[in-house]
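Participant: quick check, what structure comes out for this input:
(chains A and B)
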Amino acid sequence: DTGVSQNPRHKITKRGQNVTFRCDPISEHNRLYWYRQTLGQGPEFLTYFQNEAQLEKSRLLSDRFSAERPKGSFSTLEIQRTEQGDSAMYLCASSFGEQTRSSSPLHFGNGTRLTVT
Amino acid sequence: GNSVTQMEGPVTLSEEAFLTINCTYTATGYPSLFWYVQYPGEGLQLLLKATKADDKGSNKGFEATYRKETTSFHLEKGSVQVSDSAVYFCALKGADKLIFGTGTRLQVFP
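Facilitator: Prediction:
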């Protein structure tokens, strides 16, 4: 178990550019989550996948954000036309769940810190 | 909708002091409850969990009891150490996703 891996650790980009982040979950986990965390706040849910299906998207996820998990393994989160307000830590987490209500905890990666200048 | 409310920090304590960080929740149904910890420069780590009413989660000397009657899940430790300095997040999990509180920073001084 190598844990959840996220790349890159840091990304600095200019406003208007597109960025893409990658997440590799724990291998046997079927659920993958994306969260966003800003300074002094708790993580906010963005979206989650069960296998390759994207099951829920937060209203925080504007049309400029898109996430994929094409083969039910790794996932990518793309932000198009970045804005300064997108600056945050983007966290990925994974878990194993079989039922609608699952008590399995989420295991988090170390995050990708995005700075938009 | 589901939500979590935590006491604001920072909480500042001397080593060996007793710690309580309050957490209350609003939820439909029967969520699972969690405490996560974030040490400086590190990612979120699961500290403990409880999945039903009256369950007590415990780990590393920390404890929290799932109180349905008061909708609370307060975190306690009898004797804190400098190494416990971190940000603590209370969270609930309903159908599928975790919902977090805003976090409470704990600072422990020798």
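Participant: how far is stretch B:83-100 from where the chain is centred?
Facilitator: Centroid separation for stretch B:83-100 versus its chain: 7 Å, with Cα atoms, centre = their mean, to the nearest Å.
Participant: just the CA atoms of it, as PDB, please.
Facilitator: Extracted in PDB, the C-alpha atoms of stretch B:83-100 (Å, rounded to 0.1, in the frame of the first residue of the first chain):
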ATOM      1  CA  SER B  83       3.900  16.700  19.000                       C
ATOM      2  CA  ASP B  84       0.100  16.900  19.000                       C
ATOM      3  CA  SER B  85       0.300  20.500  17.600                       C
ATOM      4  CA  ALA B  86      -1.700  20.300  14.400                       C
ATOM      5  CA  VAL B  87      -5.100  21.200  12.800                       C
ATOM      6  CA  TYR B  88      -7.900  18.900  13.700                       C
ATOM      7  CA  PHE B  89     -10.900  18.400  11.500                       C
ATOM      8  CA  CYS B  90     -14.200  16.900  12.500                       C
ATOM      9  CA  ALA B  91     -16.100  15.300   9.600                       C
ATOM     10  CA  LEU B  92     -19.300  13.300   8.800                       C
ATOM     11  CA  LYS B  93     -20.000  10.800   6.100                       C
ATOM     12  CA  GLY B  94     -23.600  10.300   5.000                       C
ATOM     13  CA  ALA B  95     -24.400   8.600   1.700                       C
ATOM     14  CA  ASP B  96     -21.000   8.800   0.200                       C
ATOM     15  CA  LYS B  97     -18.900  11.900   0.700                       C
ATOM     16  CA  LEU B  98     -17.100  13.400   3.700                       C
ATOM     17  CA  ILE B  99     -18.200  16.800   4.900                       C
ATOM     18  CA  PHE B 100     -15.700  18.600   7.000                       C
END
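Participant: quick one: buried residues of that stretch?
Facilitator: B:84-94, B:96-100 (16 or more other Cβ atoms under 10 Å in any protein chain shown). Quick note: C-beta positions are derived from backbone N, CA and C, even for glycine.
Participant: near chain A, anything from it?
Facilitator: Yes: using Cβ under 8 Å from any Cβ of the partner chain, stretch B:83-100 reaches chain A at B:Phe89, B:Ala91, B:Lys93, B:Gly94, B:Ala95, B:Asp96, B:Lys97, B:Leu98, B:Ile99, B:Phe100.
Participant: and A:Gln84, backbone torsions?
Facilitator: Per-residue torsions, A:Gln84: phi -60, psi -30 (degrees, to the nearest 10).
Participant: repeat for A:Gly3
Facilitator: Per degrees, to the nearest 10, the backbone of A:Gly3 is at phi 80, psi 180.
Participant: and if you look at A:Arg22?
Facilitator: Dihedral angles (degrees, to the nearest 10) for A:Arg22: phi -120, psi 150.
Participant: so who does it touch?
Facilitator: Taking Cβ atoms under 8 Å, 6 or more residues apart in numbering or on different chains, we find A:Arg22 in contact with A:Gln6, A:Asn7, A:Phe74, A:Ser75, A:Thr76.
Participant: where does B:Arg105 land in three-state SS?
Facilitator: Classification of B:Arg105 using DSSP: H, G, I helix; E, B strand; the rest coil returns strand.
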